[in-house]
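>>> fold the following, please.
(chains A, B and C)
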Amino acid sequence: MSVNSGQVFLWEMIGDSWFGTYGSHVIKISPVDGGQEVFSFPELRSCERRIFRLDDDIVRILSEISRDQLVSRLVKKYAGLRLIRQEPEQCVLSFVCASNTNIPMIRTMLRNLTRKYGERVVVDGKEFFTFPSAKKIHRATKPEICSCGLGYRVKAIKAVAESIINGNLDFEALQKAKYEDAKKELLKVYGIGNKIADCVMLFSLEKLEAFPIDVWIARSLARHFKCLSDSKFTEKLSPHQYDVLSDTMRAYFGRYAGYAQQYLFYHMRQQAGRKW
DNA sequence: GTACAGGCAGTAT
DNA sequence: ATACTGCCTGTA
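All right, here's what the predicted structure looks like:
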């Protein structure tokens, strides 16, 4: 099993184990002959099924998204690649920090936030930090948060925290809602646009049809799927172009389009030689 | 020094 | 609808 750390900004490998900040928990994953064992702190146990979506019918999903030669090939090539199920709060607070920057920078920002506002946890003699609650972010001043390296993104993370506190972002309701309705609600929040909304829905709100389009996916589509769309598009997408493309890919790959997106994303990153 | 990095909102046409 | 712009900050 491989871990797509693009989705899990706060995980790191130490020795042969992975340590990750998962909401108010710190989780350790160690290899056990041929499988994975998960220890979590303080009270989670055997949560790997939930985190790695092991209850998904992966055979059916991979079969449904194998609509063409490319994805069929990637599904075999990257066998074991999974979607991560994240906690909604951590997911959305993390992704609003992700605009117009790169993964190493996102990791730095989020590490700083956890060190400043999370709870300290010691595992195997090493210190880790849980992810700060929306309440903590809500209470913090903008200059304080800015000092974590967020820059102009402070306005967005505060707006998201505010929406969580006042109930405008209701994750339970969003999970039950249809894709279109959930997206509409997310887009109302300052700092959440098309791409971030789709990421949050795919990784934490059970919308497996969500197909986030970032510059990497846009490059992939421009290379391999241009024929699918009537509208001309480049790597820079207008909001309308984003909608058209995203809808087209959803129609093409079906209800598990998000899985196809993961394989394409991972492949593009591999091709570019990115180590995250 | 300049370009660029996994977007978004604001403004003008 | 579309085009253009500024934005924090670190790295190449």
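
>>> ok, the spatially closest residue to A:Glu206 that is not a sequence neighbour - contacts?
On the basis of C-beta to C-beta, 6 or more residues apart in numbering, the spatially nearest residue to A:Glu206 that is not a chain neighbour turns out to be A:Gln175, at 5.4 Å. All C-beta atoms are positioned from the backbone trio N, CA, C, and that covers glycine. When the contact criterion is C-beta atoms under 8 Å, 6 or more residues apart in numbering, the partners of A:Gln175 are A:88, A:182, A:205-206.

>>> if we use 10 Å, what do you get?
Shown in contact with A:Gln175 (C-beta atoms under 10 Å, 6 or more residues apart in numbering): A:88, A:182, A:201, A:204-207.

>>> which helix or strand contains it?
Following DSSP states H and E, one finds A:Gln175 within helix A:171-176.

>>> next, the buried residues of that helix.
The neighbour-count check on helix A:171-176 (16 or more other C-beta atoms under 10 Å) flags A:171, A:174 as buried.

>>> just want the residue of the stretch 101-250 of chain A that's nearest DNA strand B.
A:Gly193 (2.4 Å; C-beta to the nearest atom of the strand).

>>> now that residue, what are its backbone angles?
According to degrees, to the nearest 10, the main-chain angles of A:Gly193 amount to phi -110, psi -160.

>>> now do it, the pLDDT please.
A:Gly193 is assigned a pLDDT of 93 by the prediction.

>>> how near is it to A:Thr130?
28 Å (C-beta to C-beta, to the nearest Å).

>>> one more: A:Thr114?
With C-beta to C-beta as the criterion, A:Thr114 and A:Thr130 are 7 Å apart.

>>> got any residues that touch both of the two?
Overlap between the neighbourhoods of A:Thr114 and A:Thr130 consists of A:10, A:21, A:26, A:90, A:120, taking contacts as C-beta under 10 Å, 6+ apart.

>>> nearest to DNA strand C, out of those: which one, please.
Relative to DNA strand C, the closest of these is A:Leu10; by C-beta to the nearest atom of the strand it sits at 17.4 Å.

>>> for the residue lying closest to the closest one once chain neighbours are set aside, give me its contacts.
Excluding its sequence neighbours, the residue lying closest to A:Leu10 (C-beta to C-beta, 6+ apart) is A:Thr21, at 3.9 Å. By C-beta under 10 Å, 6+ apart, the contact set of A:Thr21 is A:8-12, A:27, A:87, A:90, A:94, A:110-111, A:114, A:118, A:121, A:128-132.

>>> strands of the stretch 1-150 of chain A, residue ranges please.
Using DSSP state E, counting those that start in this stretch, the strands of the stretch 1-150 of chain A run over residues A:11-14, A:17-22, A:25-32, A:35-41, A:120-123, A:126-129.

>>> so which of these gets nearest DNA strand B?
Of all those, it is strand A:11-14 that lies closest to DNA strand B, at 11.9 Å by C-beta to the nearest atom of the strand.
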